[in-house]
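Enquirer: coords below, sequence missing:
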């Protein structure tokens, strides 16, 4: 049956027979996968704002059938050959993703067969209804303390600020953060580090007696069982963030008594228990969505605490869990708002900000000293502090957090003011206005962003555009095809070129253009800002002689810069300066929702899935109604993720 579907109908073939073939799940969906349409048309893809959105990973045939039918909205029933579903992927009409299916190929033939089917099948047969998605908890989840959480927990548990976890093996970034539980394996090297740290911390805790008052009673002898049990219950409750179970209490009684009896010292028993507890999974890990109803309030307390404080619960929060106060939305919200009034909440927001914006990329950053002599480690510290000050100002003054992208002011020290060519502030990191002539506003014009998205000797429009797509729009740009040459044409004395001219190679190569057309036009608008964030009205090139070129001086060249930019897929997103782009992002629902998504990922330790849409959507609605107050987003995400609504709207 190789005739077009419309011809088959004309000669009398019945619709039921036509509806049996082709099969979308087996015949058509693989074609779209090979074309990598799903790479852009998904919840976090660069085409997420369009009408076409693929289902989640590994969809079942029951999901694929209605999805395949839904593609009828992209089919011209009167002229199937002119359908958007055919012309965009085959290059027949403008498509941000470029040509994905080769005309004349078997894949195109398969796609045409589906378009013919959709064009001829009765519309009522293409309408598939399905029940709304029900939010389901993902089942028990075990999350390891991050190194930052370990340090903070030790600080609050033992009054020890030595930050021993800074020496642990480094953590990987997954989904943009270091706390994603799927990547939180405990390697043998990390287990060894835990053991060494526990021994060191336990010795220090009781060095010279009980200086930190960890024992809540005065023992009458080394074998004082009453005082022993008071210590075990009190310290165990704080270390495990829940009361000890009866079998756990019995185990630690034996460990304590054996050591105290051998040494004839009560504190020796306490020290060995502390060392053992600090190596226990009950200290190093925490559980969410557990099945034990008795423990669930303490799980909620831990979730609250490690989100809002990045540390262990305090006694007030544990007492609230014990009293059942966290079993209601009102009780949870009351504790959340109390916790947000403390200094530890500010530290937690700083940690989120540092991971979201990848401050780690500035550590150890190098620059060509011949070009950037003012670049120092101290300057990089000032860069991150400027960004942190702007975010903190907006969060804790209950301002509109979207001003993070558009604020016409910043917070500078003397070094940054000199770099930005602005008057030196009267006080360290004092507030400074950014005149329109500077073309600066918000985080996009700060040296933090501009430096970490550059190379040692030059800017990188590609890196800048990619960062904005991924971090501020929550869009995943497809990986480049294997074997693609990503090198740009070299700048020579005979042919100096701007970055726009060099990147033209990407846009002229079909295998590169599909991705680079999505990111390069964003980054090119930043070309008046150099690799450390300084302003340059023209591109200044210094072409140094090669080693074999003797008696040749460096050549200085100035080139005009074209900063016209756009964000493909974002309505009205054309701009020429970071200031203009910042204003676009600040008012863009895509960017506003991305802030909520990023905070959800950080809170949950995982990428969001389809069932999470209702939680993020409800929290975003409250975030928006509050005038984009960041603390309201924190409370809302915590509230709705713990007690989620039942159906996706």
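Expert: Great, that's in hand. No experiment lies behind these values; they were computed from the predicted model shown.

Enquirer: What distance do you get for the nearest residue to residue 440 once chain neighbours are set aside to residue 376?
Expert: Of all residues not flanking residue 440 in the chain, residue 434 sits nearest, at 4.6 Å (CB to CB, 6 or more residues apart in numbering). C-betas here are computed from N, CA, C, even on glycine. Plainly put, residue 434 is 23 Å away from residue 376 if you go by CB to CB, to the nearest Å.

Enquirer: just residue 420 next, same as before
Expert: Distance, residue 420 to residue 376, by CB to CB: 16 Å.

Enquirer: who's more crowded, those two?
Expert: Ranked by neighbour count (other CB atoms under 10 Å), residue 420 and residue 376 place residue 420 first, with 21 against 12.

Enquirer: looking at it, that one is touching residue 438, isn't it?
Expert: Yes - the criterion here is CB atoms under 8 Å, and residue 420 meets it with residue 438 at 7.0 Å.

Enquirer: and the one helix or strand residue 620 maps to, how far out from the chain's middle?
Expert: For residue 620, the host element (DSSP states H and E) is helix 613-625. Put simply, helix 613-625 sits 17 Å off its chain's centre (CA atoms, centre = their mean, to the nearest Å).

Enquirer: Ok, stretch 406-424 next?
Expert: Counting by CA atoms, centre = their mean, stretch 406-424 comes out at 28 Å from the chain centroid.

Enquirer: Contacts for that stretch, please.
Expert: Here stretch 406-424 makes contact (CB atoms under 8 Å, 6 or more residues apart in numbering) with 374, 378-379, 382-383, 385-386, 389-390, 393-394, 425, 428-434, 436, 438, 440-442, 446-447, 532-535, 579, 582-583, 585-586.

Enquirer: Which pLDDT value does the model give the residue nearest the centre of the chain?
Expert: The centroid of the chain falls nearest to residue 176 when counting by CA atoms, centre = their mean (3.7 Å). For residue 176, the model assigns a pLDDT of 92.

Enquirer: thought it was touching residue 357?
Expert: No - taking contacts as CB under 8 Å, residue 176 lies outside contact range of residue 357: 9.6 Å.

Enquirer: As a check, name the ranges of all strands in the stretch 451-600 of the chain.
Expert: Here the stretch 451-600 of the chain has its strands, by DSSP state E, counting those that start in this stretch, at 539-543, 555-559, 565-566, 574-575.

Enquirer: which neighbours do residue 420 and residue 438 share?
Expert: Jointly contacting residue 420 and residue 438 under the rule CB under 8 Å, 6+ apart are residue 535.

Enquirer: For whatever helix or strand residue 201 lives in, which helices and strands make contact with it?
Expert: Using DSSP H and E, residue 201 sits within helix 188-205. Packing partners of helix 188-205 (3 or more CB pairs under 8 Å, 6 or more residues apart in numbering; DSSP states H and E): helix 147-158, helix 266-277.

Enquirer: For residue 637, which of those is the nearest?
Expert: When the helices and strands packed on helix 188-205 are compared by CB to CB, helix 147-158 sits nearest residue 637, at 18.1 Å.

Enquirer: Low-confidence regions, the stretch 251-400 of the chain specifically.
Expert: Residues of the stretch 251-400 of the chain meeting the criterion pLDDT under 70: 291.

Enquirer: before we move on, what about the chain?
Expert: Ranges of the chain meeting pLDDT under 70: 1-21, 49, 51, 57, 123-139, 291, 481-486, 510-511, 546-551, 646-649.

Enquirer: can you list the domains in it?
Expert: When the chain is parsed with automatic domain parsing, its domains come out as 5-126, 141-291, 368-586, 589-642.

Enquirer: Any chance of those domains in TSV with distance to residue 362 as columns?
Expert: Formatted as TSV, the domains of the chain follow (distance: least, CB to CB, whole Å):
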stretch	distance to residue 362
domain 5-126	26
domain 141-291	14
domain 368-586	5
domain 589-642	19
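
Enquirer: that older thread, in helices, which of the contacts of stretch 406-424 appear?
Expert: Counted as lying in helices by DSSP state H, out of the contacts of stretch 406-424, are 378-379, 382-383, 385-386, 389-390, 393-394, 447, 579, 582-583, 585-586.

Enquirer: which among the residues you listed gets closest to residue 308?
Expert: Of all the ones in helices among the contacts of stretch 406-424, residue 394 has the smallest distance to residue 308: 17.5 Å, by CB to CB.

Enquirer: Tell me how many other residues crowd the spatially closest residue to the closest one that is not a sequence neighbour.
Expert: Among residues not flanking residue 394 along the chain, residue 401 sits closest, at 5.0 Å (CB to CB, 6+ apart). Burial of residue 401 is recorded as 22 neighbouring residues (other CB under 10 Å).

Enquirer: Could you report the distance from residue 401 to residue 635?
Expert: Residue 401 sits 14 Å away from residue 635, going by CB to CB.

Enquirer: wait, isn't residue 398 in contact with residue 629?
Expert: Yes - taking contacts as CB under 8 Å, residue 398 lies within contact range of residue 629: 5.0 Å.

Enquirer: residue contacts, the residue nearest to the centre of the chain?
Expert: So residue 176 contacts 355, 356, 358, 470, 471, 598, 601 (CB under 8 Å, 6+ apart).

Enquirer: By neighbour count, which of the residues you listed wins?
Expert: Neighbour counts for the contacts of residue 176 (other CB under 10 Å) peak at residue 601, which has 23 neighbours.

Enquirer: residues contacting it?
Expert: 175, 176, 177, 180, 607, 608.

Enquirer: and if we set it to 7 Å?
Expert: Residue 601 makes contact with 175, 176, 177, 607, 608, according to CB atoms under 7 Å, 6 or more residues apart in numbering.

Enquirer: got it, and residue 458?
Expert: residue 531.

Enquirer: what's the spacing between it and residue 572?
Expert: Residue 458 is 30 Å from residue 572, by CB to CB.

Enquirer: cool, and residue 476?
Expert: From residue 476 to residue 572 the distance is 23 Å (CB to CB).

Enquirer: The two: who's more crowded?
Expert: Set residue 476 next to residue 572 and count neighbours by other CB under 10 Å: residue 476 wins out with 16 against 10.

Enquirer: Let me see the contact set for the more buried one.
Expert: Residue 476 sits next to 44, 45, 470 when contact means CB under 7 Å, 6+ apart.

Enquirer: What separation do you get for it and residue 39?
Expert: Counting by CB to CB - residue 476 and residue 39 are separated by 7 Å.

Enquirer: who touches both of those two?
Expert: Contacts common to residue 476 and residue 39, judged by CB under 7 Å, 6+ apart, are residue 45.

Enquirer: Quick check: residue 96 is in a strand.
Expert: No - under DSSP: H, G, I helix; E, B strand; the rest coil, residue 96 falls outside any strand and is assigned coil.
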